[in-house]
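Visitor: would you be able to build a 3D model of this:
(2 chains)
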Amino acid sequence: MSILDWVRRSAELIAAEAERLSRLDAAIGDGDHGHNLDRGFAAAVEALPEHGTPGRALVVAGRTIVSTTGGVSGPLYGMAVRRAGKELGDAGVVDAVRLGAALRGALETVQELGEAQEGEKTMVDALAPAVAAYEQALAAGGDLAECTRAAADAAERGAQATVPMQARKGRASYLGKRSIGHLDPGAVSTALLIRALADLASEHA
Amino acid sequence: MVTGRTWDAPARRGREPHMRKLINAPADVVTDALRGLAAAHPSLRVDLEGRTVVRADAPRPGKVALISGGGSGHEPMQVGFVGHGMLDAAAPGEVFTSPVPDQILAATLAASGGAGVLHVVANYTGDVLNFRVAAELAEEEGVEVAAVRVDDDVAVTDGRRTAGRRGTGGILFVEKIAGAAAEEGARLERVADVAREVNERTRSFGVALSSCTVPVVGEPTFRLGENEIELGIGVHGEPGRERVAKIPAAGIVDAALTAIDADVPLRGAEVALLVNGMGGTPLMEQYIACGEAAEWLARHGATVARCLVGPFVTSLEMAGCMITVCRLTPELTRLWDAPVETPALRWGR
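Guide: Model prediction:
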């Protein structure tokens, strides 16, 4: 599986869902989530280096997302992707173990920078269960396709589970109880990015 | 961007009644204002492309650099606080929108004089995050960064359930006093400690008499009835504590100082008082509020040792005022009195 393809596939998925993501954001935030991410990931695709390791490609993509996305999600996603790239290191090939470390690193970065825990109606509510499911599948001997599928399914369930939550972080938190009853747009976009990973892994399995 | 907010979503109406603004185009307001800032103040280096404002004499070798930033629309904060004795650089974002990490990183690198950099960050999710990312990137380039968060607004009562108290008028005190410490040659750790101490000793409470209109949105952020005012506003038109019927200046000041006093008792304190216009209230009315505040504090056993009146931390054309009180110590008073020379504050030089 090519990491460069993951960046490209993610950009396509985000572009296709940009309207919906921004609409979700308009309900509890400032209504620009999808369009911001679309801009950031499109720029990341443009910036992908032609040569070098997958890790290096992710570091470049992440740094580009930080620079071009804006909002709160831009720096979070950008730094997470960058961290994932650093976790991959100099490896020429991304295997299931290395990808697991990259995902774990991405989660750590998001939680450190965003100071968010599970249950606070953020992207962590999709990413944390995804990483846990991935690691569980890996421990059970799963291959790349199985691990990423488990992660994508868990991320989607996690995103769905944000509906009854009250936001505790970010602009939505000032709404208090009025944030209940809405999907968290960050959790939804996180689930999209992990689904892109699973789709590619199964195509190459 | 504040489109589509769900509290008090404004009805879609024509732009004309609310857009009597002295601007060229809504999308250009930040760049155009920075151009004017550069024209007015040769003591500043303004990068329109990279969106940074840096002291012309930066970097100052051996001096801790103070960097701040945040959304535009609060002028003179932050760009007007750049200069001798206060900030070394500022990163202005779009209106009411956090600056991006690249801007903050550029400001940090431009101002770094090798003695470390202090980021003064207002406690908003976007600002905190973007500054933290910039700090991580700056550290990778070999610049030591410490960060201090300002969260002086007592109107947000439940910090556990929200992103916490907001940074408002207290930012001015933190930057002036910590900036003086840095100018004297204090080391990074000490400058950060001073900034934290000022933040802990400072509280604010704001009152809105009207809303404001973000240029690219074109409509008021919220609407107040003919006879309503909003107590406990933030500086972006976020919801306040409560909406009440119009009351005289004495009542408004009493509500603000009562809220502050309930949070940190002011009796016996020697304070610096900031009566801050929100952008649309005349200076005459700010002085009325200041007179009420001085009498209120005297009645409640506090001494006003230093006082500042004027629009320093604004919300575009919002009418209203914010009262900020900093409980001084002899050392903080000394640093407050130290020379400062910025577009917004200048004395002692």
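Visitor: okay, A:Gly29: pLDDT?
Guide: Note for A:Gly29: predicted pLDDT of 77.
Visitor: can you report how many residues neighbour it?
Guide: A:Gly29 has 28 neighbours, counted by other CB atoms under 10 Å in any protein chain shown. C-betas here are computed from N, CA, C, even on glycine.
Visitor: for it, give me its contacts.
Guide: A:Gly170, A:Arg171, A:Ala172, A:Pro185 (CB atoms under 8 Å, 6 or more residues apart in numbering or on different chains).
Visitor: for the residue lying closest to A:Glu108 once chain neighbours are set aside, what is the enclosing helix or strand?
Guide: Nearest residue to A:Glu108 in three dimensions, chain neighbours excluded: A:Arg83, at 7.2 Å (CB to CB, 6 or more residues apart in numbering or on different chains). If you go by DSSP states H and E, A:Arg83 is part of helix A:73-88.
Visitor: please identify the buried residues of the helix or strand following that helix?
Guide: On the C-terminal side of helix A:73-88, the nearest following helix or strand under DSSP H and E is helix A:96-114. Neighbour-count burial for helix A:96-114 flags A:96, A:98-100, A:102-107, A:109-111, A:113-114 (criterion: 16 or more other CB atoms under 10 Å in any protein chain shown).
Visitor: stretch B:33-51 now?
Guide: B:Ala33, B:Leu34, B:Leu37, B:Ala38, B:His41, B:Leu44, B:Arg45, B:Val46, B:Asp47, B:Arg51.
Visitor: compile the residues you listed into CSV and extend it with columns for distance to B:Gly320.
Guide: Compiled in CSV, the buried residues of stretch B:33-51 are given as follows (distance: CB to CB, whole Å):
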residue, distance to B:Gly320
B:Ala33, 22
B:Leu34, 26
B:Leu37, 25
B:Ala38, 30
B:His41, 28
B:Leu44, 29
B:Arg45, 34
B:Val46, 30
B:Asp47, 33
B:Arg51, 28
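Visitor: of the contacts of A:Gly29, buried ones?
Guide: A:Gly170, A:Arg171, A:Ala172, A:Pro185.
Visitor: follow-up on the earlier one: and the residue nearest to A:Glu108, how far from chain B?
Guide: 10 Å (CB to the nearest CB, to the nearest Å).
Visitor: for burial, what's the neighbour tally of that residue?
Guide: 23.
Visitor: cool, and B:Glu189?
Guide: Count around B:Glu189 with other CB under 10 Å applied: 12.
Visitor: show the average pLDDT along the helix or strand where it lies.
Guide: Element membership for B:Glu189, per DSSP H and E: helix B:188-200. On average, the pLDDT along helix B:188-200 is 98.
Visitor: which residues does the helix or strand that it is followed by contact?
Guide: Note on helix B:188-200: by DSSP H and E, the next helix or strand toward the C-terminus is strand B:202-208. With contacts defined as CB under 8 Å, 6+ apart, strand B:202-208 is touched by B:152-155, B:168-170, B:173-174, B:224, B:229-235, B:237, B:240, B:252, B:255-257, B:259-260, B:263-264, B:276, B:278, B:315, B:318-327.
Visitor: among these, which are in helices?
Guide: Those of those mapping onto helices are B:Gly170, B:Phe173, B:Val174, B:Ile252, B:Ala255, B:Ala256, B:Leu257, B:Ala259, B:Ile260, B:Asp263, per DSSP state H.
Visitor: could the residues you listed go into TSV alongside neighbour count, distance to chain A and pLDDT?
Guide: Output for those, formatted as TSV (neighbours: other CB atoms under 10 Å in any protein chain shown; distance: CB to the nearest CB, whole Å; pLDDT from 0 to 100):
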residue	neighbour count	distance to chain A	pLDDT
B:Gly170	29	19	97
B:Phe173	27	24	98
B:Val174	29	21	98
B:Ile252	24	23	97
B:Ala255	20	20	96
B:Ala256	29	20	96
B:Leu257	23	24	98
B:Ala259	20	18	95
B:Ile260	22	21	96
B:Asp263	15	19	94
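Visitor: let me know the closest of those residues to B:Ala146.
Guide: Among the ones in helices among the contacts of strand B:202-208, B:Val174 lies closest to B:Ala146 (CB to CB), at 13.2 Å.
Visitor: now for the closest one: which residues touch it?
Guide: B:Val120, B:Val148, B:Val150, B:Ala195, B:Val198, B:Asn199, B:Thr202.
Visitor: separation between A:Leu103 and B:Pro99?
Guide: According to CB to CB, to the nearest Å, A:Leu103 and B:Pro99 sit 30 Å apart.
Visitor: picking up where we left off before, which of the contacts of strand B:202-208 are buried?
Guide: Buried, going by 16+ other CB under 10 Å: B:152-155, B:168-170, B:173-174, B:224, B:229-235, B:237, B:240, B:252, B:255-257, B:259-260, B:276, B:278, B:315, B:318-327, out of the contacts of strand B:202-208.
Visitor: most distant residue from the centre of chain A?
Guide: Distance from the C-alpha centroid of chain A peaks at A:Lys177, with 26.1 Å (CA atoms, centre = their mean).
Visitor: can you check the pLDDT for residue 96?
Guide: No chain was given, so I picked chain A. pLDDT at A:Ala96 comes out at 96.
Visitor: the chain in question should be chain B.
Guide: For B:Phe96, pLDDT reads 88.
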